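Q: have a look; sequence and predicted model below, questions after that.
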Amino acid sequence: MSFSEPGKTKFQVDLRRHLRNQDISDNLVHLICEIAEASKYVINAVRTGDLGVAGTSNLYGEEQLALDVLSDRIIRKRLIHSGVVCNIASEEMDEIFQAQADADGLYSVAYDPLDGSSLVDVNLAVGTIVSIYEGCNLLQKGRNQVAAMYILYGPRVSLVYSVGKGVHEFTMNHLMEYTLSRENVTMKPDGDIYSPGGLRKKYLPETEKFVQHLEGKGSKLRYSGGFVPDINQVLMKGKGIFMYPALNGSPNGKLRVLFELNPMAYLIENAGGAATDGRTPILDIEPQSLDQRAPIFIGCSNDVATAMEFMGG
Ligand SMILES: O=P(O)(O)OC[C@H]1O[C@](O)(COP(=O)(O)O)[C@@H](O)[C@@H]1O
Ligand SMILES: [Mg+2]
Ligand SMILES: [Mg+2]
């Protein structure tokens, strides 16, 4: 079954109903719906919760905010009680948490509970990013994901997911239900916006040249500092490129392969775009550790191909 254009639907299509038409297991439908439920508590925490620090730091030595810790707990609990999850890893946890041992029919989940959390105190948009694999192995390449999604907590709350058959956007309505707003989102081959992460004076010469190339062709700067809203802009407008390149002193950039890059690369590829670290497609990176980072150029396929040429990939 396919559904009509955004804004033109005669009836609302909710997330569960849409998922049931994707030819995926009942367990996977259940899992995605459970994460969607959890996000309702996360948005509540973002809107009204404590903006202070938690007094702890994560695996990367970054200070955790109370909201990071709370969002992590909300999602983890939901995953554990879903009954369909075996291993869980998150940006805020030091090691893999085993919810159930038996891999049969179960899924493993890697997630960033509150990406961009340092933007909450200035009231900018933040998000949750989720990557799902079949079985218990989380240390495998992103191409093996069976689903990826993000939830964007902006002026509106939206949920974007793919199970490998197109990319679909749902928007939270006044009853806090996710209803279909855009089906089969696709990206154009070329874009005219760019979203560059990291300190520019630390860019390597080839990255600086690439940015000058983008500026030369008339691309507009659009960067909020939140990975989810920045990617959402590129994806929903269908044009543009986001990058968080290697920096002097940080050859692997900042963003994390398991929790941030793989799920976004899966979504963008499913919408007809591309994602590379400069040489290798993000989805073909074989992760060696939970905390692995990589540079990223992600967005319109031609822009990403040009980035690779500049990077010598
Ligand atoms: O401020 P910078 O260096 O451009 O980094 C911004 C990037 O870092 C992040 O905030 C990292 O995510 P966390 O907030 O989950 O640590 C991304 O959302 C964003 O793309
Ligand atoms: Mg993050
Ligand atoms: Mg985070």
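A: Structure received. If you're wondering where the values come from, they're calculated on a predicted model, not measured in any experiment. Ligands and ions are numbered 1, 2, ... in the order given.
Q: list the contacts of D230.
A: 195, 197, 222-224, 242 (CB atoms under 8 Å, 6 or more residues apart in numbering). The C-beta positions use only the backbone N, C-alpha and C, and glycine is treated the same way.
Q: swap in 10 Å and give it another go.
A: 116, 125, 127, 193, 195-197, 222-224, 240, 242, 244, 264, 298 (CB atoms under 10 Å, 6 or more residues apart in numbering).
Q: again with T306
A: T306 is in contact with 190, 210, 213-214, 217, 241, 297, 300, counting by CB under 10 Å, 6+ apart.
Q: okay, domains of this structure per the record?
A: What automatic domain parsing lists as the domains of the chain is 15-182, 193-311.
Q: may I see those organised as CSV, with distance to ligand 1 added?
A: Written out in CSV, the entries for the domains of the chain read as follows (distance: least, CB to the nearest ligand atom, whole Å):
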stretch, distance to ligand 1
domain 15-182, 4
domain 193-311, 3
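Q: could you export those domains as TSV, including distance to ligand 2 and mean pLDDT?
A: Listed next are these as TSV, based on distance: least, CB to the ion, whole Å; pLDDT from 0 to 100:
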stretch	distance to ligand 2	mean pLDDT
domain 15-182	4	95
domain 193-311	5	98
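Q: so which of the contacts of D230 sit within helices?
A: M264 (DSSP state H).
Q: any of the contacts of D230 buried? List them.
A: Among the contacts of D230, those buried by neighbour count (16 or more other CB atoms under 10 Å) are 116, 125, 127, 193, 195-197, 222, 224, 240, 242, 244, 264, 298.
Q: just the ones of those in strands?
A: Applying DSSP state E to the buried ones among the contacts of D230, the entries found in strands are 127, 193, 195-196, 242, 244, 298.
Q: list just the nearest of those to ligand 3.
A: Closest to ligand 3 out of these is G127 (9.2 Å), distances taken as CB to the ion.
Q: show me how far stretch 20-31 is from its chain's centre.
A: 20 Å (CA atoms, centre = their mean, to the nearest Å).
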